[in-house]
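Trainee: coords please:
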Amino acid sequence: MLLGSCGDDQLDIKQASTSASQLTILAFDSGEGSSTPHLSVGPSGPVMSWVRNLEGISSLYFSEFDGTAWSPETLVAFGDNWFNNWADFPSVAHISGDLWAAHWLVKSADQYYAYDVFVSISRDAGSTWQSARKIHSDGTASEHGFVSLFDDAGDVGVVWLDGRNTVKKDGAKAERGMTLRSARISTAGDVVRPLLVDNFACDCCGTDVVNTSRGPMVVYRDRTENEIRDIAAAHLTDSGWSKPHPVGSDNWIIAGCPVNGPAADNRGDQVVVAWYTRAQDRSRVNLAWSDDGGLGFSEPVEIATSGTQGRVDVVILGQARVAISWLEVQPGAEEASLMLRYVSRQDLEAGSTDSAPIEVARLENSRSAGFPQMISHDGMLLFAWTDSVHKSVVAATYH
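Mentor: Here you go, the predicted structure:
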């Protein structure tokens, strides 16, 4: 479906506290059967990837945005045995210079949650792609996913949730739960330096990575033996990953995965992390700030409460301002609202925010709406989400 202006009668776009002209739906044809967009910012600007599913074939595409229009779509890979999921989906990222990376998920057995992570790299800015490599060698028919790609000392860093320890061996009880692991892919395409980040993590919450002067930092939902599932961070050093430390101590006890991972952004050693929690049986989105590359964080500030479903994203807009997005459903509403809030450094230091939340758009209230994406580019916010009704990807700018 070709998406044109804000007047497209197939979309219900509304604004609260602002004029509707601030949101512009971009002319972008993702093709029939498209979903699960992923946005990232590289040295040359925004990159969006998405998956198109038609007649049993899944195809991964990407396009670049120059501030006005999207480049023609580029096909990265396709297959008839991919694992496609609303929460765990492929990505394409501009790593550095002409180095790009893409990942997707391939089924490894008949069990639904048995799939592997494959990564391909490009050394010519996405024009051609090397043969994909499976990034783990455990050989178990278990879940491997929720990937983040990042610049690892000029190579491609990959971090993922790994279920090798959840598989029962010889009829015995499984060793433990999900682990968080990483590896590096050299520019030659070799998988090197496999590392364990955390030996017990939440099962199916997304991960995120930012690069600070102290090295790459991963944020994820941790898990304890007592089923506390709060957000943690770890830094990659020359000797491996640092001991994970809490970003915020919500003390959320939940005997199951909420499918709601954190989002992070940084400018140098200024790092912000946003996440969803339902600790004390109260839904909310929290935000914490760090000035030392993520070694320590401020006390969390509540950004959203009533009705929030999480599925957050966050970007730093300047030295003292951030934008946070999330999905929200109010009682009796048939649709979910994609919400936005601006928070100043002064708000964070005061422990509260007086800025009004803004309704950016309305989406179908279902899992198939996926995880809306948000990045900052050239003084504006760029959004992408799945229009699950028309099976297409929507891209929009917000000024």
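
Trainee: show me where the chain dips below the pLDDT cut-off.
Mentor: Applying pLDDT under 70 to the chain flags residues 1-21, 170-175, 319, 354.

Trainee: repeat the analysis, applying 50 as the threshold.
Mentor: In the predicted model, the chain carries pLDDT under 50 at residues 1-20.

Trainee: mind listing the helices in it by residue range?
Mentor: Secondary structure of the chain (DSSP state H): helices at 345-350.

Trainee: from the chain's centroid, how far away is stretch 100-113?
Mentor: Distance of stretch 100-113 from the chain centroid (Cα atoms, centre = their mean, to the nearest Å) equals 17 Å.

Trainee: now it: buried residues?
Mentor: Going by neighbour count (16 or more other Cβ atoms under 10 Å), the buried part of stretch 100-113 is Trp100, Ala101, Ala102, His103, Trp104, Leu105, Val106, Lys107, Ser108, Tyr113. (Each C-beta comes from the backbone N, C-alpha and C, glycine too.)

Trainee: bridged to the closest residue to Ser355 other than its chain neighbours, which residues?
Mentor: The shortest distance from Ser355 to any non-neighbouring residue, by Cβ to Cβ, 6 or more residues apart in numbering, is to Tyr342 (5.2 Å). Taking DSSP bridges as the rule, Tyr342 bridges to Ala323.

Trainee: so who does Tyr342 touch?
Mentor: By Cβ atoms under 8 Å, 6 or more residues apart in numbering, the residues touching Tyr342 are Leu317, Arg321, Val322, Ala323, Ser355.

Trainee: and the buried ones among those residues, selectable in ChimeraX?
Mentor: With 16+ other Cβ under 10 Å as the criterion, this ChimeraX line picks the buried residues out of the contacts of Tyr342:
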select :317,322,323
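
Trainee: any chance of CSV for the contacts of Tyr342, columns distance to Asp190?
Mentor: Below are those laid out as CSV (distance: Cβ to Cβ, whole Å):
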residue, distance to Asp190
Leu317, 38
Arg321, 42
Val322, 38
Ala323, 38
Ser355, 48
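
Trainee: now for the contacts of Tyr342, which pair is the farthest apart?
Mentor: Leu317 and Ser355 (12.4 Å; Cβ to Cβ).

Trainee: if we can go back for a sec, could you single out the nearest of the contacts of Tyr342 to Pro216?
Mentor: Looking across these and measuring by Cβ to Cβ, the closest to Pro216 is Val322, at 20.4 Å.

Trainee: so who does the closest one touch?
Mentor: With Cβ under 8 Å, 6+ apart, Val322 has these contacts: Asp265, Val272, Leu287, Trp289, Val314, Val315, Ile316, Tyr342, Val343.

Trainee: I figured the last one hits Glu302, correct?
Mentor: To tie it back to what came earlier, the one meant is Val343. No: contact between Val343 and Glu302 fails when scored by Cβ atoms under 8 Å: they sit 10.5 Å apart.

Trainee: the two: which is more packed in?
Mentor: Neighbour totals were compared for Val343 and Glu302, and Val343 leads with 24 against 15 (other Cβ atoms under 10 Å).

Trainee: separation between that one and Val322?
Mentor: For Val343, the distance to Val322 (Cβ to Cβ, to the nearest Å) stands at 5 Å.

Trainee: what touches both of these two?
Mentor: Leu287.

Trainee: a markdown table for the buried residues of stretch 100-113, including distance to Gly256?
Mentor: Shown next, in a markdown table, are the buried residues of stretch 100-113 (distance: Cβ to Cβ, whole Å):
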| residue | distance to Gly256 |
| --- | --- |
| Trp100 | 36 |
| Ala101 | 32 |
| Ala102 | 31 |
| His103 | 26 |
| Trp104 | 26 |
| Leu105 | 22 |
| Val106 | 26 |
| Lys107 | 24 |
| Ser108 | 24 |
| Tyr113 | 14 |
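
Trainee: show me those residues that map onto strands.
Mentor: Using DSSP state E, the members of the buried residues of stretch 100-113 that fall in strands are Trp100, Ala101, Ala102, His103, Trp104, Leu105, Val106, Lys107.

Trainee: and the third one, what is it in contact with?
Mentor: It stands for Ala102. For Ala102, the contact set (Cβ under 8 Å, 6+ apart) comprises 49, 60, 62, 76-77, 90-93, 119-122, 129.

Trainee: over to Ser44: give its phi and psi.
Mentor: Ser44 adopts backbone torsions of phi -100, psi 10, taken as degrees, to the nearest 10.
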